[in-house]
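K.L.:
I would like the atomic coordinates for the input below:
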Amino acid sequence: MLRFISIPLLTLCLMLTACQTSMLKQFGRVTPGMEKDDVLEIMGSPDRMERFHGKDRWTYVFYDSHIRFEKEVQFFEGNAIYVGDIWQPPAEKSAVAADTRHEVEDKVTDQRIAKEKEENRAAYSKFEVETRGQEKVRYVPQFEPIQ
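P.N.:
Now for the predicted structure:
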């Protein structure tokens, strides 16, 4: 009796194991041009969904042979336009590169402001001197009293 129960159970286990496919292989079936429904049918629900620059971005996180994978599908108007690893902006457009550019621009601006500040101080001092007439030598003649 035990033999009759274990054989179908063993067969069922083998069938279920054979039906499991690697998520990496499943992701390989996703191609640009597919609609969202087709991607959902192959991959299931994404782990993260976001809207970025007018595109829907779906991120799938899965493990294959103890290796973690993060794959992304980008949709525009309902069709996949990008399938692959997580999209990263080009190095020249990254936040670090922008921060570096802004630091350089800030230093130049700070130097310009400091120079203008000194020029304005000098111009104001000159204005005060001219207004008070301090730069002119004033000669007041000595008068002898009239008798």
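K.L.:
Using the record's domain definitions, break the chain down for me.
P.N.:
Split into domains by automatic domain parsing, the chain comes to 22-87, 93-132.
K.L.:
Let's verify residue 31: helix, strand, or coil?
P.N.:
Secondary structure, DSSP: H, G, I helix; E, B strand; the rest coil: residue 31 is coil.
K.L.:
could you point out the longest helix in this protein?
P.N.:
Ranked by residue count and defined by DSSP state H, the top helix of the chain is helix 95-132.
K.L.:
among the domains of the chain, which is the most enclosed?
P.N.:
For the domains of the chain, average neighbour numbers computed from mean count of other CB atoms under 10 Å are highest in domain 22-87, which has a mean of 14. C-beta: built from backbone N, CA, C; applies to glycine.
K.L.:
how long is that one end to end?
P.N.:
Terminal residues of domain 22-87 are spaced 22 Å apart (CA to CA, to the nearest Å).
K.L.:
Hmm, residue 69 is touching residue 63, no?
P.N.:
Yes. At 7.1 Å, residue 69 and residue 63 qualify as touching, with contact defined as CB atoms under 8 Å.
K.L.:
Which neighbours do those two have in common?
P.N.:
Common neighbours of residue 69 and residue 63, counting by CB atoms under 8 Å, 6 or more residues apart in numbering, are residue 23.
K.L.:
Could you measure from the closest residue to residue 34 other than its chain neighbours over to residue 47?
P.N.:
Once flanking residues are discounted, residue 34 sits nearest to residue 80: 4.7 Å by CB to CB, 6 or more residues apart in numbering. The gap separating residue 80 from residue 47 is 17 Å, by CB to CB, to the nearest Å.
K.L.:
Following element in sequence after the helix or strand of the chain with the lowest mean pLDDT, please.
P.N.:
Lowest on mean pLDDT, DSSP states H and E among the helices and strands of the chain sits helix 2-19, with a mean of 54. Counting by DSSP states H and E, the next helix or strand C-terminal to helix 2-19 is helix 23-28.
K.L.:
next one: that next one to chain centre, how far?
P.N.:
Put simply, helix 23-28 sits 27 Å off its chain's centre (CA atoms, centre = their mean, to the nearest Å).
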